[in-house]
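quick one, fold the following:
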Amino acid sequence: MRVRRCLWQILAGCLIASSVFTVVAADPDQPAIPVAEGDIPTKFEPVTTLYDFNKREAMIPMRDGAKLFIVIVIPKGVRHAPIILERTPYSAAKFVTRVPSAHAAVALPLSYGELAEAGYIIVVQDVRGKYKSEGGYIMSRPLSGPLNGTPVDHATDAYDTIDWLVKNVPESNGRVGTMGTSYGGFTVLMSLVNPHPALKAAVPFNPMVDTWVGDDWFHNGAFRQTYADYIYAQTASKKSDEDWTPTRYDAYETWLTAGSAGALGASVGMEQLPFWKRLTSHPTYDAFWQLQAVDKILARQPLTVPTLYVHSQWDQEDIYGAPAAYAATESKDTRNDMNFLVIGPWRHGGGNGNGSSLGPIKFDGDTGRWFRRNVLLPFLDAHLKDGAPKAEIAAVTAFETGANQWRRYDRWPQSCVSGCPYPSRKLFLAAGGKLSFTAPPSDPAGFDEYVSDPQKPVTYRPRPIRPTYADDSTWRRWLVDDQRFAGDRSDVLVYTSEVLKAPVRIAGQSIAHLFAATSGTDSDWVVKLIDVYPDEVPDEVELGGYELPIAMDILRGRYRDDPAKPTAIPADKVVAYSLKLPHADHVFLPGHRIMVQIQSSWFPLYDRNPQSFVENIFFAKPGDYIKARQRIYHTLKQASYIDLPVAP
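Down below sits the predicted model:
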């Protein structure tokens with residue numbers, strides 16, 4: 001019986017096995033699968049019935065024959081609508097798919113989604129040579145001329161694009177505004193050079209303007225070396241899909257171990273990148289940089305397009321550009337109705353998003369939304385929409401941090417050394433680490449000193465320092481980092497005022513005037529203006545004693561006399577230096593104190609100064625880096641001070 005059952009099990013298994021491998025004959029009544037063509041159609045048309053916008057794509061010709069890729073987002077039902085044009089090196093296709101959604105307000109970046117809801121057509125274009133656009137990409141391509149031997153540039157591409165749009169987008173009213181942030185802000189400013197007649201408004205957010213003086217690549221000659229990874233990604237491939245892989249978690253160790261900026265670049269193959277080679281061969285403010293300075297270019301142009309410059313007080317990337325371009329063009333605004341400036345309490349690009357806070361600092365409401373509703377939209381409507389009323393906005397709209405309130409001004413700055421409504425006040429560095437509005441007494445030996453060691457440079461934020469654009473990087477908010485981490489070091493000088501009994505309000509640009517000596521033949525000087533919170537803050541206990549930076553910057557000493565012609569610093573001789581700090585509208589409140597910190601490195605954001613004079617710091621050798629004794633003087637005749645733009 002058991003044998004018979006086993007035989008049946010074996011037979012059943014054989015039948016199952018044979019059925020698995022049986023080939024079924026083709027059914028003549030069923031169509032064969034078109035294997036050669038595959039399952040992906042030649043062209044697929046998505047059904048967008050539920051979308052509240054229509055999206056079109058096009059390759060549009062420029063005057064030299066190159067075609068540039070654009071995406072057009074048209075809110076359904078709009079007629080005679082104005083166009084907002086953004087020209088970007090960061091992918092037009094990705095711009096329109098920020099979040100997968102059938103609603104433009106969600107799919108687009110926040111500020112553009114709001115404009116789409118307000119009836120604007122949004123157009124985004126890949127700049128020449130990036131992503132889907134044809135042609136060759138040049139980093140911040142100069143205008144046609146000495147640095148650009150071709151007949152095309154961002155000005156001509158903007159003109160040709162606008163010309164195509166007003167002729168080929170039937171839903172438009174024939175009026176165009178350019179808008180963009182950072183590099184996109186730069187392309188906005190380029191659209192103002194010989195602008196198309198249909199260009200009726202421009203809004204540059206945090207634009208790249210002068211990348212040697214105070215925007216992306218340098219600050220007063222000191223190289224912002226942590227941008228090397230950006231340069232690598234942006235220029236190594238058309239789609240920016242090449243990134244170098246860091247060998248250490250802490251970028252501080254990566255840069256310190258590499259040595260010079262040039263040495264790190266060579267270690268990852270950046271000598272293959274034309275822009276990196278140009279950058280490292282032009283360390284001085286020579287014609288290469290001067291001819292690209294957009295504020296100088298705009299100063300030579302007639303003011304024909306109403307422009308709203310948007311500046312962020314804590315812009316970690318392009319803190320120089322907007323105020324500089326505004327200042328360069330303001331004298332042309334004879335009727336005070338063409339040139340406008342906004343200063344917000346934001347990081348780079350922060351005016352486009354939620355502006356309720358930055359790091360631990362809160363602003364009593366969403367300042368970004370307030371700006372867009374009360375300044376940006378009225379400005380654009382007035383110049384781009386049919387029959388819109390005049391925008392009742394101030395020439396300058398600034399958020400006064402500390403007091404946390406918006407102010408309207410008829411000019412900027414409010415206070416400065418000369419030519420402003422209110423004169424600045426001198427805040428003197430004094431003995432014993434004091435700050436005072438009273439000049440120091442006679443003291444022939446009055447100085448403070450520290451030793452600057454390039455092997456142990458002062459960091460610009462607490463370690464570990466992640467690569468600039470790493471997912472866990474604090475890069476976006478580092479300009480509001482508590483500065484106690486630096487003040488505790490022996491190679492950082494700290495000067496502090498008494499507790500304030502009355503508010504001190506600044507509205508403009510502070511200028512540091514230092515009398516300093518170094519035992520080396522080159523040196524960097526970093527100056528920080530800081531608001532020190534009370535020891536205890538009842539409603540925000542985590543801010544007790546917080547040292548909030550208000551304005552900070554760096555000066556490379558070799559450029560003290562002429563940024564185009566560096567010279568060695570005479571060792572152990574007192575030399576006068578002047579350093580313009582970023583613009584700020586801020587109130588140091590009663591109960592707070594004012595602090596100034598001074599140091600000689602800001603690493604790894606800026607490359608280390610060898611402190612011995614070499615021809616090109618990009619290629620300094622290990623033996624060039626030396627310790628130096630640094631002295632800051634506060635005598636009656638050599639009184640170091642900060643010119644504060646104090647306003648009533």
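
pick out the residue nearest the middle of this structure.
Glu317 (3.1 Å; C-alpha atoms, centre = their mean).

contacting residues for the residue nearest to that one when sequence neighbours are not counted?
Nearest non-adjacent residue to Glu317, counting by C-beta to C-beta, 6 or more residues apart in numbering: His348, 4.2 Å away. From N, CA and C alone the C-beta is placed, and that goes for glycine too. Residues in contact with His348 (C-beta atoms under 8 Å, 6 or more residues apart in numbering) are Thr181, Ser182, Asn206, Ser312, Asp315, Gln316, Glu317, Asp318, Arg476.

burial measure for Asp472, as a count.
8 (other C-beta atoms under 10 Å).

could I get the contacting residues of the residue nearest to it when sequence neighbours are not counted?
Spatially, and ignoring its direct neighbours in sequence, Asp472 is nearest to Arg466 (5.6 Å; C-beta to C-beta, 6+ apart). Contact analysis of Arg466 by C-beta under 8 Å, 6+ apart lists Tyr249, Asp250, Ala251, Asp472, Ser473, Thr474, Trp475.

ok, Arg278 to Lys621 distance?
According to C-beta to C-beta, to the nearest Å, Arg278 stands 22 Å off from Lys621.

neighbours of Thr635, how many?
Neighbours around Thr635, by other C-beta under 10 Å: 18.

just checking, it touches Ala439?
No. When contacts are counted by C-beta atoms under 8 Å, Thr635 is not listed as touching Ala439 (10.1 Å).

how much space is there between Ile465 and Ala116?
38 Å.

which parts of stretch 607-623 are buried?
Asp607, Arg608, Asn609, Pro610, Gln611, Ser612, Phe613, Val614, Ile617, Phe618, Phe619, Ala620 (16 or more other C-beta atoms under 10 Å).

in JSON lines, list those residues along with pLDDT.
Formatted as JSON lines, the buried residues of stretch 607-623 follow (pLDDT from 0 to 100):
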{"residue": "Asp607", "pLDDT": "98"}
{"residue": "Arg608", "pLDDT": "98"}
{"residue": "Asn609", "pLDDT": "98"}
{"residue": "Pro610", "pLDDT": "98"}
{"residue": "Gln611", "pLDDT": "98"}
{"residue": "Ser612", "pLDDT": "98"}
{"residue": "Phe613", "pLDDT": "98"}
{"residue": "Val614", "pLDDT": "98"}
{"residue": "Ile617", "pLDDT": "98"}
{"residue": "Phe618", "pLDDT": "98"}
{"residue": "Phe619", "pLDDT": "98"}
{"residue": "Ala620", "pLDDT": "98"}
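
wait, a helix at Arg278?
Yes. Arg278: assigned to a helix according to DSSP: H, G, I helix; E, B strand; the rest coil.

Asp286 is in contact with that one, correct?
No. Counting by C-beta under 8 Å, Arg278 stays clear of Asp286, with 11.4 Å between them.

what are the phi and psi values at Pro622?
phi -50, psi -40 (degrees, to the nearest 10).

local confidence estimate at Pro441?
At Pro441, the model reports a pLDDT of 79.

now do the same contact list for it.
Leu636.

need phi/psi at it.
phi -70, psi 170.

Pro61 too?
phi -80, psi 140.

can you pull out the helices in the stretch 351-500 of the chain?
367-371, 377-384, 484-487 (DSSP state H, counting those that start in this stretch).

picking up where we left off before, the contacts of His348 in helices, which ones?
Counting by DSSP state H, these place none of their members in helices.

highest neighbour count among these?
Asn206 (32 neighbours).

please tell me how far the closest residue in space to that residue that isn't next to it in sequence sits from Pro378.
Leaving aside its chain neighbours, Asn206 sits nearest to Asp318 (4.7 Å; criterion: C-beta to C-beta, 6+ apart). As judged by C-beta to C-beta, Asp318 and Pro378 stand 25 Å apart.

try Gly269
Relative to Pro378, and taking C-beta to C-beta, Gly269 is found at 50 Å.

tally of neighbours for Lys637?
If we define neighbours as other C-beta under 10 Å, then Lys637 has 11 of them.

next, the residue nearest to Glu317: secondary structure please.
Assignment for His348 (three-state DSSP): coil.

how about Gln234?
helix.

OK, contacts around the closest residue in space to it that isn't next to it in sequence?
Among residues not flanking Gln234 along the chain, Ser240 sits closest, at 5.6 Å (C-beta to C-beta, 6+ apart). The neighbours of Ser240, taking C-beta under 8 Å, 6+ apart as the test, are Pro89, Tyr90, Ser91, Lys130, Ala233, Gln234.

so how far is Pro457 from the second one?
To tie it back to what came earlier, the one meant is Tyr90. For Tyr90 relative to Pro457 (C-beta to C-beta), the value is 32 Å.

which of these two has more neighbours?
Pro457 (24 against 18).

isn't the more buried one up against Phe603?
Yes. Under the criterion of C-beta under 8 Å, Pro457 makes contact with Phe603 at 3.6 Å.

with respect to Gly419, which of the contacts of Arg466 is nearest?
Here the nearest of those to Gly419, counting by C-beta to C-beta, is Trp475; it sits at 35.9 Å.

per-residue pLDDT, the closest residue to Glu498 other than its chain neighbours?
Leaving aside its sequence neighbours, Glu498 sits nearest to Arg593 (C-beta to C-beta, 6+ apart; 7.0 Å). On pLDDT, Arg593 comes in at 98.
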